[in-house]
Structures are given as structure tokens and as C-alpha cells.
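Peer 1: After the sequence you'll find the predicted model.
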Amino acid sequence: MTLPEFFGCTFIAFGPPFALFVFTIANDPVRIIILIAAAFFWLLSLLISSLWYALIPLKEFLAFGVVFSVCFQEAFRYIIYRILRSTEQGLHAVAEDTRVTDNKHILAYVSGLGFGIISGMFALVNVLADMSGPGTMGLKGGTELFFVTSAAQALSIILLHTFWSVIFFNALDTNNYIHIGYVVGSHLFVSLITLLNANELYTTTLLINYLVTILTGVLAFRVAGGTSRSFRKFITCQ
Amino acid sequence: MAAVNLQASCSSGLSSEDDANVGSQIGAAERLERPPRRQQQRNNYGSSNQDQPDAAILAVPNVVMREPGGSRPSRLTGGGGGSGGPPTNEMEEEQGLKYGAQHVIKLFVPVSLCMLVVVATINSISFYNSTDVYLLYTPFHEQSPEPSVKFWSALANSLILMSVVVVMTFLLIVLYKKRCYRIIHGWLILSSFMLLFIFTYLYLEELLRAYNIPMDYPTALLIMWNFGVVGMMSIHWQGPLRLQQGYLIFVAALMALVFIKYLPEWTAWAVLAAISIWDLIAVLSPRGPLRILVETAQERNEQIFPALIYSSTVVYALVNTVTPQQSQATASSSPSSSNSTTTTRATQNSLASPEAAAASGQRTGNSHPRQNQRDDGSVLATEAEAAGFTQEWSANLSERVARRQIEVQSTQSGNAQRSNEYRTVTAPDQNHPDGQEERGIKLGLGDFIFYSVLVGKASSYGDWTTTIACFVAILIGLCLTLLLLAIWRKALPALPISITFGLIFCFATSAVVKPFMEDLSAKQVFI
């Protein structure tokens, strides 16, 4: 039972990102490199927030660490935005597929996916390793929903990071401070909501987080130039 | 130890006059050019090469040629200086960078595969996780609980190991300088033989034991025989490129596992740090052994122990190519180095169409004795690669050092050589959908080994976040190295940046990040 659970949770959390990677990233070397670079920057932000968490004597309050971690992540999102924009010309010369630079949302999407994938991996990978056996949750205390909800939360975080980057990059390009505020605010909100998971309020947190995910996704879709009409066309394969 | 070798500087234009001298080596220009994915570029280079007569300056990037010096000493000596440089084509930086991205990916995949094999093995076979037997080179076994004692013994162990590496490297250089190719190749063959048979047998045994699978000796022997012989053939002689690459990756992974298994814990970390420093010195200092090796090879217009190096494209085609090229070269009297050309052609042939291969094969019959020599040479080179791992650690080490060089070599010279005959054959290449070009990027197997040691060691502590952090850090380091390579265009060590990043992230993650992430995931908080 542990092995099927392991695979199920793995595919819940990483199936959609993997599909995104295969269909949109894997064919273009430049995108792969940007993805890994974004992952690296997320690692740096995590390192700094962990240092902060370790040095500041407030370890009992996880919320404290979470708030600062979100701030650092958004700061690094801004840094990677600056870097990508300043190297855009070079990228244009290097890229084989010039769509990468012609359509600015692609860079945002790729770096956001990089952020999301590494973030989801760090959140889930050790849980997954425990999941594969020999024991499982729920036999002696705890809830058996622990693994599934973790995987679902990780998926929402991965998708959210992607959407956030698209919105954030565009907002910086157009000086849309409302969107910037929305990104930082919703990131903070989602992370703080997950604090309720410790009380096993899974329905609440999952519902709220997926609501935010869908909202953010719609916003990102609109920011990237999508309309309800184009969506309908896409659905009907026209 | 890894030198990223860009031989961008001299591109040789081939002049018609040169054609007369078949025998003479013309400096093969090795360009920085990365393999042209784009069609435009391809057309430019490819068409010019193939279509144009010899006289034209060919910009086609050759992959380095490997002519093992030993086989054709006469040529080498007679040839004189490497570069009889006709007009040099200037490579545009942009072009170099353009192919850069693709090259980076071509290295990412094998490096990731190698790490994957090591990490999967470490996590599934407990045999490789514990150290009970030690190498001869590490007399201090770190049994003491005292950190200070452990520190000193790790330092002493790594110093001993590094001195062995240094000695072996110099030995290799001396042998190379004296043109003792047979000794080097014998050494390499022996070591690859040991890796492919003995260490693989140990691996198989532990694998079967870990999964509790019974297997009788005849079956095991049959498997080992087939696996080993095919491996020896594809590494040292010829075989499909993918097969060869697969064997090289496996051999590197096996070597990394041996290090992880037999080095005491702290010593392994100390060795990683020491080897990247040594790499820096050996490649960059004016009298560094690897630098001497690279320069000597350039002078001789040879490839540096191709066997020690993972090549993203060419290596194996050599045999086929070689013969045709030489034959062509002689026939066409293409000026420049047959050597350099060989590789290129080989790659082309292999990559290109079966037709080409067939054509080359036919040509071979015509080829001179040289061809044979070359073949030998290529074999030798391959051997060298293989050798790195096998026999003795020390031997391996030195070899690795050599291997570590990433050579981005695009040689143009090949063009001229390919010349007329070739054109027809090659034509399919241009259209070839795969987009593989002759030029490949090369990374020493030593780099594979030490990257994998780092990641494998990190994963042996059972924390996956540390493993992933190391992996990302190493890939980013590799990216930066390749970027510097494109900027500076000289041989660069591939280990220092990656290993430094990897070590920093490994310790930082396991010390600082891990507690934080464990708190978070225990309470299911997502950031």
C-alpha cells in the first residue's frame, strides 16, 4: 500500500509540472537553463530565510519564519526579473527560438515554473521518501490524509509560483503596483493559511488555496493576453 | 583537473596549395563554434564545406581529431608545427554562444544520468553506503570520535591521495611528452578492463544481493562477458555513439561509487575540495601539467586522450570516418591534417546517413596504411579513456585529470579534408533533422566522477533536499564554467566552480535549511 501511495502522491504533485516541463520547456535549451537558474535563485532565497530562521530566536513561532521566507522569495523573484531583463539582449542573440525573448511572458513563465518546481520538491521530497515505506500515516495517531493533502498543497504551490511570476514580471514591466501587491499579498496569505494544516483543517486550507490558485491563474491568463474568447477557442480546439 | 579546452584561436583556412601536402599536418583549426543547430548556420558552414573546393576556407567546425600519436609517429614528427595556419576565420562570439545553450544541455543530460545512477545505487544498495574496507591511499580510517583527530586524518588522507594524483599526472605528462603512447594506452585499456569486468561484477553481485535475486554463475558469467566485451569494444574500438556514451557514463558512475564506498567520510569531502584546487592549479598555472598536456596536444594537432573524455557527439564514429577521411584526404589531397579531419568526418558519417557510412566503408578499402594507423590511434585514445577508471586509483586519478577537460572543439580543418568526395556523402547531413553536428562538446570523465561523488555522498545522509540542492548547484556551476569558456576561450577547469557551489550548498542545506524544511513539512506549511 505504501508504494501505490508514493506513486499516487508523486503524480498528484509533480504530474502537471512534469507535463508542463515536457511540452513547453524541454525542447529549448535556453528555457532549461533559465529554469535551473530560477531554481538556483529560489534555493538562495531559501538559504537566506533558513539562516534568518536559525539565527533569530523565535523558532517556536513558525509563522515568523514563514513571513520572512515569503519576503525573501519575492525579493529573489525581483532579482531574477532584473537579471533576465538585463540579459535579454544577450538571450535574444543566444536563443535559437526567438520566441523566448519576443514574448516576454515566456521568460516569466519559465522562471516561475523553476521557482515552483524546486519549491514543491523541497516541500515534498522528504515526505515522499518517507511515504514509500515501510510505514504509513494514520495507523497510530495522525491522519491518513496527511500525504494526500501534502501532495495537493504542493501542486497548488507549484502552479501558484508559475502564475505569480507571470503576473509579477508583467506588473514590473507596466508599473502595475496593484498586481505586485496582489502577488506578495496572496503569497503571504496562502502560506499563512497553510499554518492551519497543523490543526488538520484540511478542507478549509485546500479549498481556500485552490480558490486562490484558480483566481491567480485567471489573472495570469488575462495578464498574458488571454480572453474568454481565446479560452473558448482553445477549449473547442479551433 | 578538468580543463575546458577551447581551441578557438586558430582556425585554419585551407589553401589549395596545401592540398598537395597530404602528409603534412595543417593545424586543424578548432573553433569554438558550437554545433550549429540553426539551419542558417548549418547551411553556411556545411554548405561551404561540402560544396566548396578545398581552396575555400572552411569554417566547418571539426570535432577534435584524435590521432593517436603513437601509431603515426612519422606523421607527427614530419608534420612539424600544428598550425600551418592559413587564414584564420574569426569566430564570432555570438556564434559561440549560440550553440552554447545547446551544448550545455548536451552536458546536463549525461551528468544528470550519471548522478542518477549513483544516487539510485546509494539509496537502494546499502553496500555502497558503509565503509568497512579502505583504500591503500587512505591509511587513516577516521575511527576516532574526536572531530579534531578526524579532521587531521582526513587532511592527511587527502594529501596522500592528492600527491598520488599529482605524481600520476606528471607521469602521464612525461609519457605523453616522450610519445610513449603504447604505454599510456595499455594503461588505459587495463584500467577500463578492470572497471568493466571486476567492478561491474562486484556491482552486479551487490545488486542481486540487495534485491535478493538468485542467479547462477553461468548466467552471471554470460552477462558479464557480454557486457564487458561490448563495453571494451565500444570504448576502445568502435560502436554506436549512444552505446559508447552509455558505457562511459556507467564507468564514471562505477568509479564514483567506488570512491564513495572506500573513502572515509571526511576524507571524501577533503578530497573533493583538494581535487578542485588541484584542478585549478593544473589547468591555469603557466606550468600546470594539464595545461602542458593541452598545449602539447595542440602542438601535435592531436586530441587529448579522447578515451578519457565524454563526447557529446563524435567520438566513436572515428573508425569509420577515419578511414574514409584519410583515403579521401590522400585522394583529394586535401591539405590539412587528416587527423583533425578524421574525427569530423567520422562524426558526420555516423551522424549522417547510413549511406555515408557505407560510402566511408567502401573508401576505407582504398585507404592508406595511415588509416590503419589512425584507427589504432583512435583505439588507443579510447583506451586511454577507459583506462582512467580502472586499475589503480592513482592511475585513474591522473587520467581523470586529463579527461576533465571539456573540450569544445570545433575544428574547421575537417572541411577541407572532407572536400570533394565527402561532399556528396555528406549532403544528407545538412538536411539531417537531428541537427547533430560534428562538433561536440567534451567533458572529462573525471568531472563526471567527482560531481557524482559529491551528489552521492550528499544523498548517503538520507536527506533528499540536500541531494537536490547539490544537483542544482553543480549544474549551475557547470553553466557558469561553460559561460566563462565562451568568454575566455581557453582551457578551463570544470571542477572548481561546480564543486565549490556543491560543497557550499551541501553543507548549508544539511545544516541550516534541513531543520527549517523539516519543521515546515512536519506541520504541512508551504512557503
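Peer 2: Received, thanks.
Peer 1: any low-confidence regions in the stretch 401-527 of chain B?
Peer 2: Of all residues in the stretch 401-527 of chain B, those with pLDDT under 70 make up the ranges B:401-440.
Peer 1: Strands along that one, start to end?
Peer 2: Secondary structure of the stretch 401-527 of chain B (DSSP state E, counting those that start in this stretch): strands at B:406-411, B:440-444.
Peer 1: Quick check: which helices or strands does the shortest one pack against?
Peer 2: In this structure, strand B:440-444 packs against helix B:93-124, strand B:309-311, helix B:393-403, strand B:406-411, with contacts taken as 3 or more C-beta pairs under 8 Å, 6 or more residues apart in numbering or on different chains; DSSP states H and E. Backbone N, C-alpha and C define where each C-beta goes, glycine included.
Peer 1: list the contacts for residue A:73?
Peer 2: Going by C-beta atoms under 8 Å, 6 or more residues apart in numbering or on different chains, residue A:73 touches A:42, A:45, A:46, A:49, A:115, A:119, A:187, B:527.
Peer 1: rank the helices and strands packed on strand B:440-444 by mean pLDDT and give me the bottom one.
Peer 2: Mean pLDDT is lowest for strand B:406-411 out of the helices and strands packed on strand B:440-444, coming in at a mean of 35.
Peer 1: Does chain B have contacts with the lowest-mean-pLDDT helix or strand in chain A?
Peer 2: Among the helices and strands of chain A, helix A:99-102 carries the lowest confidence by mean pLDDT, DSSP states H and E, at a mean of 75. No - Helix A:99-102 does not reach chain B (C-beta under 8 Å from any C-beta of the partner chain); its nearest approach is 10.1 Å.
Peer 1: same for that helix, what does it pack against?
Peer 2: By 3+ C-beta pairs under 8 Å, 6+ apart, helix A:99-102 packs against helix A:88-94, helix A:104-131.
Peer 1: Please spell out which residues along the helix or strand following the last one are buried.
Peer 2: Past helix A:104-131, further along toward the C-terminus, the next helix or strand under DSSP states H and E is helix A:146-174. By neighbour count, with 16 or more other C-beta atoms under 10 Å in any protein chain shown as the criterion, the buried positions of helix A:146-174 are A:146-172.
Peer 1: Which elements pack onto the very next helix or strand once past helix A:146-174?
Peer 2: Proceeding N to C from helix A:146-174, the next assigned helix or strand is helix A:177-193, under DSSP H and E. Where contact means 3+ C-beta pairs under 8 Å, 6+ apart, helix A:177-193 is packed against helix A:62-86, helix A:146-174, helix A:202-223.
Peer 1: residues in contact with helix A:177-193?
Peer 2: By C-beta under 8 Å, 6+ apart, the surrounding residues in contact with helix A:177-193 are A:63, A:66-67, A:69-71, A:73-74, A:156-157, A:160, A:164, A:167-168, A:170-172, A:204-205, A:208-209, A:212, A:216, A:219, A:223, B:525-527.
Peer 1: mind running it again at 6 Å?
Peer 2: Contacting residues not belonging to helix A:177-193 are listed as A:66, A:70, A:74, A:164, A:167, A:168, A:171, A:205, A:208, A:209, A:212, B:527 [C-beta atoms under 6 Å, 6 or more residues apart in numbering or on different chains].
Peer 1: hmm, which two among these are most spread apart?
Peer 2: A:171 and A:205 (26.6 Å; C-beta to C-beta).
Peer 1: that older thread, among the contacts of residue A:73, which one sits closest to residue A:238?
Peer 2: residue A:115 (32.7 Å).
Peer 1: OK, contacts around the closest residue to that closest one other than its chain neighbours?
Peer 2: Leaving aside its sequence neighbours, residue A:115 sits nearest to residue A:161 (C-beta to C-beta, 6 or more residues apart in numbering or on different chains; 4.3 Å). Counting by C-beta under 6 Å, 6+ apart, residue A:161 makes contact with A:112, A:115, A:116, A:119.
Peer 1: of the residues you listed, closest to chain B?
Peer 2: residue A:119 (7.2 Å; C-beta to the nearest C-beta).
Peer 1: With distance to residue B:214 added, can I get the contacts of helix A:177-193 in TSV?
Peer 2: Formatted as TSV, the contacts of helix A:177-193 follow (distance: C-beta to C-beta, whole Å):
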residue	distance to residue B:214
A:66	52
A:70	54
A:74	57
A:164	54
A:167	58
A:168	58
A:171	63
A:205	50
A:208	54
A:209	50
A:212	55
B:527	48
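Peer 1: Alongside chain A, which residues does chain B contribute?
Peer 2: B:37-38, B:94, B:97-98, B:101-102, B:105, B:464-465, B:468-469, B:472, B:475-476, B:508, B:512-513, B:516-517, B:521, B:523-527 (C-beta under 6 Å from any C-beta of the partner chain).
Peer 1: if we can go back for a sec, how about the least confident helix or strand of chain A: buried residues?
Peer 2: A:100, A:101.
Peer 1: quick one: residue B:481 and residue B:494 touch, right?
Peer 2: Yes - assessed by C-beta atoms under 6 Å, residue B:481 is found in contact with residue B:494 at 5.2 Å.
Peer 1: who's more crowded, the two?
Peer 2: Higher neighbour count among residue B:481 and residue B:494: residue B:494, with 31 against 24, using other C-beta atoms under 10 Å in any protein chain shown.
Peer 1: Check the burial of the closest residue to residue B:268 other than its chain neighbours by counting its neighbours.
Peer 2: The shortest distance from residue B:268 to any non-neighbouring residue, by C-beta to C-beta, 6+ apart, is to residue B:457 (5.5 Å). Neighbourhood size, residue B:457 [other C-beta under 10 Å]: 24.
Peer 1: swap in residue B:205?
Peer 2: Neighbour count of residue B:205, defined by other C-beta under 10 Å: 13.
Peer 1: From residue B:199, how far off is it?
Peer 2: 11 Å (C-beta to C-beta, to the nearest Å).
Peer 1: repeat for residue A:149
Peer 2: 45 Å.
Peer 1: now do residue A:7
Peer 2: 32 Å.
Peer 1: okay, residue 126: pLDDT?
Peer 2: I went with chain A, as the question did not name one. Listed pLDDT for residue A:126 reads 89.
Peer 1: nope, chain B
Peer 2: Per the predicted model, pLDDT is 85 at residue B:126.
Peer 1: swap in residue B:69?
Peer 2: 32.
Peer 1: Stretch B:211-224: end-to-end distance?
Peer 2: For stretch B:211-224, the first-to-last residue distance is 18 Å (C-alpha to C-alpha, to the nearest Å).
Peer 1: Residue A:194 against residue B:521, yeah?
Peer 2: No - using C-beta under 6 Å, residue A:194 is not in contact with residue B:521, being 10.8 Å away.
Peer 1: Keeping just the C-alphas, turn stretch A:135-146 into PDB.
Peer 2: Taking C-alpha atoms only, stretch A:135-146 is exported to PDB below (Å, rounded to 0.1, in the frame of the first residue of the first chain):
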ATOM      1  CA  GLY A 135       5.300   2.500   7.500                       C
ATOM      2  CA  THR A 136       2.500   4.900   6.700                       C
ATOM      3  CA  MET A 137       0.500   7.600   8.400                       C
ATOM      4  CA  GLY A 138      -2.800   7.100  10.300                       C
ATOM      5  CA  LEU A 139      -2.200   3.700  11.900                       C
ATOM      6  CA  LYS A 140      -1.100   5.000  15.200                       C
ATOM      7  CA  GLY A 141      -2.200   8.600  15.600                       C
ATOM      8  CA  GLY A 142      -2.100  11.300  12.900                       C
ATOM      9  CA  THR A 143      -4.300  11.400  10.000                       C
ATOM     10  CA  GLU A 144      -4.100   9.200   7.000                       C
ATOM     11  CA  LEU A 145      -4.900  12.200   4.800                       C
ATOM     12  CA  PHE A 146      -1.500  13.700   5.600                       C
END
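Peer 1: Give the buried residues for it.
Peer 2: A:136, A:137, A:146.
Peer 1: can you pull the pLDDT of the residue lying closest to the second one once chain neighbours are set aside?
Peer 2: To tie it back to what came earlier, the one meant is residue A:137. Counting by C-beta to C-beta, 6+ apart, the nearest residue to residue A:137 once its immediate chain neighbours are dropped is residue A:146, at 4.5 Å. Per-residue pLDDT puts residue A:146 at 88.
Peer 1: Cheers, nothing more for now.
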